[in-house]
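> Sequence and predicted structure below; questions after.
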Amino acid sequence: MNSTDTPQDKQTGSTTGKQEAATPRRELKQRYDGYAKVTGSARYATEFQMPGAVYAFLVQSTIPKGTIASIDRAAAERAYGVLAVLTPFNAARLPMPPSQSHARRAVSLLQDRAVHYNGQPIAVVVAASLDQARHAATLLKIEYISEPPQLDFMGRLDQGRPLKQPTREPADSRRGNLAASMARATVTLEETYTTPIQNHNSMETHSTLAWWEGEKLNVYNSTQSIEVDQQALASTFGIPLSNVRVQCPYTGGGFGSKGSPWSHVFLAAMAAKTVGRPVKLALDRNQMFGPVGSRPATVQKIRLGASADGRLLGVEHNVILTASVMEDFLEPCAAQTRMLYSSESNATTHRLVDMNLGVGTYMRAPGEASGSAAVESALDELAIKLKMDPVELRLINYAETDEGRNLPFTSKHLRACYEQAGTRFGWSSRNSTPGQRLEGNALIGYGMATSTRRAGRSEAEAVVRILPNGRVFVGAGTQDLGTGTYTIMADTAGNELGLDPSLVEVRLGDSALPGAPGSVGSQTAASVCPAVRLAAIKARSRLIGMALGDPASPLHGRNAEEINVGEGRIFVTSDPSIGESFAERIGRNGGDPVEAISSAEPEAGAARYSAYSFGAVFVEVAVDRSTGMVKVRRVVGTYDIGTLMNQMTGLSQLIGGVVWGISFALQEEAHIDPFSGRTVNANYAEYHVPVNADIGEIDLTVLNIPDTRFSPLGARGIGEVATTGVAAAIANAVYNATGKRVRNFPITADKIMATAGTTA
């Protein structure tokens, strides 16, 4: 990955040119956990072996709404190998109702007989083997009292309602006089864009291994937050937090769905308590559709008004989303619309339509992914009406501050992203008239969009130990989703101690370690690594202090300001030959490691700024004139994400985000049966996600300009920003290729063939 540094103009936040690169960070050139993963020694939740472990199978409802009248367990309980069958009629009553616990989500724990959606967990079968448990589940005789479900979203948009509970950011916003601004507009646009329900499909399904030791609960869980899991389990079962230990050394993908503990986590613990043995509960692939969340469907109505020179006067973004009858979940699709572009007036709303579906949840770049698909498509349509280049329109309306919150940005260099990515892509060669470039039977189109994602940072702790062998141990109660957390923790500790990161041992994924927040909202790097840095600095200071106070040390009696560390040694900065190794220093201290624990949290003044990552993404598509099939041939992007913590893992994160955006644009869609409420394409064969053959060239760079207003290391999270904007850039490119505007995602061949346009 190439990276370019451009300095920030202190007055405007604009970019002014190149500057000399800072001293390069030491970083691992291969993933810390790479060897373990490719050799199979990395263990995931249910791969851990416990003596006497048995297996649980989740039984789901087959109606979308009603009441369980009865469950005849007799045949299932007589089946070979079966140890227990838990149902709402015999399951233990929990001390704390799920709705009042730290579960944070509406979960089904066999505490009542109500059915709220098709696929809701209604029983658990425990047996000596998974096959035995699965077979016994088929022997249950379940009777329901059905009720008419609410499954029609598009026909009930007029029933959209406000949220019942307030959210961190207001669901609605308004500034300026929208009516007056729109009345003065020379050019207006009013269009509706829709996005479907989408489901997470991580390679590792949701999986839990639970066992009890007296009143102490132990859990291996595939999760994005061991801390939240620990809190939820403790409160739900009414036991002290210290009695719950959650471990997750590796997560096989999460993308938001594993950010909250779902029903199966608690049910595994309930089953383990019932049978007195460790219980493994892993969801089947089709069980990933419903009980563990999904991205809500949206209908987004956008109205834009601009002057003849392209300046936005009025912006209105109204969003209607699906919501489970069990719980309000808001995907804040219009939140970015409040801050991304400068405008005289701005108004946004979010409304929910109650549905008998599983609970909505976070999915990679929640809000911005769906919202940018609509807003960035609308900007392109406005540019066409204005006969203006889409990049020029965005630059004319460049927001120097967050006008929605009336705050300055911690850092913003979006102009440089447009310039660099556009130059590499060859945007200047684009023909603005659709359907003008033909290669064989393929129409070629160019499109672009802005990427953005709010940056998050939470309090975190870490421990660093300088070991007698000269190596370093670093630990934190965070989790690695495959994003590279192991790697950047090693890099951070190594850089502060002047040590090659390959000499740093990392441990995470254990609630017994110092606490850290969930790996959600692209916040792990910005939260955990500052804590690692502070702990390493404290350990380094202690080690130096020990040397200065030791008469046997060659550094005895010197001032701390004279001393430095590097290559596993403590030495005099002006004469590195005077010093000693870490191992020598610790050896004279009886071999006890030098340990330090530190915490890091956002600065008290963080509320004075608005923190976002930004990017510009350019796309080239080829659309087959005969079939309407779309191929994304090239994606070029440049991102302003603060400090790039590690070239290799950072590039992987950004590429993964772009691939997700391509998936959003062209493939992902859950089809819900309008009568049964069941997802009918609940498998990898029919719920389409990209394979290697679907992905063309991806060329990504970062500005690598530290954002020290946001975090001491200058880094913002990058797990989600690259997803945003991609769907709209593809839609815009499809229009440029064909003259056909598809506003109903995903963009499939049938929609292109059916849409009226300037080309066939």
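Thanks, I have the structure now. The shown structure was predicted, so the numbers you read here are calculated from the model rather than taken from an experiment. Numbering: from 1, shown residues only.
> Walk me through which strands whichever strand or helix holds residue 83 pairs with, and which way each runs.
Per DSSP states H and E, residue 83 falls inside strand 82-86. Strand 82-86 pairs in its sheet with strand 121-127 (antiparallel), by DSSP bridges.
> Any idea how far the strand holding residue 83 is from the middle of the chain?
36 Å (CA atoms, centre = their mean, to the nearest Å).
> Need phi/psi at the closest residue to residue 709 other than its chain neighbours.
Computed as CB to CB, 6 or more residues apart in numbering, the closest residue to residue 709 that is not its neighbour in sequence is residue 410, at 3.9 Å. The way it works is simple: take the backbone N, C-alpha and C, and place the C-beta from them, glycine included. Phi and psi for residue 410, reported as degrees, to the nearest 10, are phi -60, psi -40.
> Run a quick check on residue 410 versus residue 613, I expect a contact.
No - judged on CB atoms under 8 Å, residue 410 makes no contact with residue 613 at a distance of 10.1 Å.
> Which residue of the two possesses the greater neighbour count?
residue 613 (27 against 22; other CB atoms under 10 Å).
> Can you tell me the SS state at the more buried one?
Following DSSP: H, G, I helix; E, B strand; the rest coil, the label given to residue 613 is strand.
> Tell me how many other residues crowd residue 592.
Residue 592: 10 neighbours (other CB under 10 Å).
> Now residue 69. Nearest residue, chain neighbours left out?
Spatially, and ignoring its direct neighbours in sequence, residue 69 is nearest to residue 143 (4.3 Å; CB to CB, 6+ apart).
> Which element, helix or strand, includes the one you found?
strand 141-146.
> Parallel or antiparallel, which strands does that strand pair with?
strand 66-72 (antiparallel).
> which other helices and strands contact the following helix or strand past the partner strand?
Counting by DSSP H and E, the next helix or strand C-terminal to strand 66-72 is helix 74-78. With contacts taken as 3 or more CB pairs under 8 Å, 6 or more residues apart in numbering; DSSP states H and E, helix 74-78 sits against strand 82-86, helix 130-137.
> closest one to residue 377 among these?
helix 130-137 (44.6 Å; CB to CB).
> Now tell me what touches that closest one from outside.
55-57, 59, 76-77, 79-82, 85, 123, 125-127, 280, 282 (CB atoms under 8 Å, 6 or more residues apart in numbering).
> For the buried ones among these, write the corresponding ChimeraX selection.
The ChimeraX selection below is limited to those of these classed as buried (16 or more other CB atoms under 10 Å):
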select :55,56,57,59,76,79,82,85,123,125,126,127,280,282
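> Reformat the helices and strands packed on helix 74-78 as a markdown table; add distance to residue 276.
As requested, the helices and strands packed on helix 74-78 are exported to a markdown table (distance: least, CB to CB, whole Å):
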| stretch | distance to residue 276 |
| --- | --- |
| strand 82-86 | 9 |
| helix 130-137 | 17 |
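> Buried deepest among the ones you listed, which one?
strand 82-86 (a mean of 23; mean count of other CB atoms under 10 Å).
> Counting by contacts, list what the helix ranked longest in the chain packs against.
Assignment by DSSP state H gives helix 524-548 as the longest helix of the chain. Counting contacts by 3+ CB pairs under 8 Å, 6+ apart, helix 524-548 packs against strand 460-466, strand 472-475, helix 485-496, strand 563-566, strand 569-572, helix 582-587, strand 594-600.
> Give me the distance from that helix to the chain's centre.
Distance, centroid of helix 524-548 to centroid of chain: 28 Å (CA atoms, centre = their mean).
> if we can go back for a sec, residues in contact with the next helix or strand after the strand holding residue 83?
Later in the chain than strand 82-86, the nearest helix or strand by DSSP H and E is strand 114-115. Residues outside strand 114-115 that contact it (CB under 8 Å, 6+ apart) are 61, 63, 64, 65, 66, 67, 68, 122, 144.
> try 7 Å
Applying CB atoms under 7 Å, 6 or more residues apart in numbering, the set of residues contacting strand 114-115 from outside is 61, 63, 65, 66, 67, 68, 122, 144.
> do the same with stretch 66-85
By CB under 7 Å, 6+ apart, stretch 66-85 touches 54, 87-89, 113-115, 122-123, 125-129, 132, 135-137, 139-147, 271, 274-275.
> same thing but 6 Å
87, 113, 115, 125-129, 132, 136, 139-147, 274-275 (CB atoms under 6 Å, 6 or more residues apart in numbering).
> again, but for stretch 263-277
52, 54, 56, 58, 83-84, 107-109, 121, 124, 126, 206, 208, 210-212, 217, 221, 236, 279, 281, 291.
> Give me the buried positions along that stretch.
If you call a residue buried by 16+ other CB under 10 Å, then stretch 263-277 has these buried ones: 263-275, 277.
> Strands of the stretch 251-400 of the chain, start to end?
With DSSP state E, counting those that start in this stretch as the criterion, the stretch 251-400 of the chain has strands at 279-282, 298-306, 312-324, 345-355.
> picking up where we left off before, quick one: closest of the helices and strands packed on helix 74-78 to residue 246.
Closest approach to residue 246 among the helices and strands packed on helix 74-78 is made by strand 82-86 (21.6 Å; CB to CB).
> Residue 516 against residue 476, yeah?
Yes - using CB atoms under 6 Å, residue 516 is in contact with residue 476, at 4.9 Å.
> tell me, what's touching those two both at once?
residue 528.
> Can you get me a residue count around residue 34?
15.
> actually residue 165, not the one I typed
Look at residue 165: counted by other CB under 10 Å, it has 8 neighbours.
> Please tell me how far the closest residue to it other than its chain neighbours sits from residue 263.
In space, and not counting its chain neighbours, residue 165 is closest to residue 328: 6.0 Å by CB to CB, 6+ apart. Noted for residue 328: a distance of 18 Å to residue 263, by CB to CB, to the nearest Å.
> residue contacts, residue 313?
Counting by CB under 6 Å, 6+ apart, residue 313 has contacts 181, 184, 185, 305, 344.
> Please enumerate the strands of the stretch 601-750 of the chain.
Under DSSP E, counting those that start in this stretch, the stretch 601-750 of the chain gives strands at 612-624, 630-640, 697-702.
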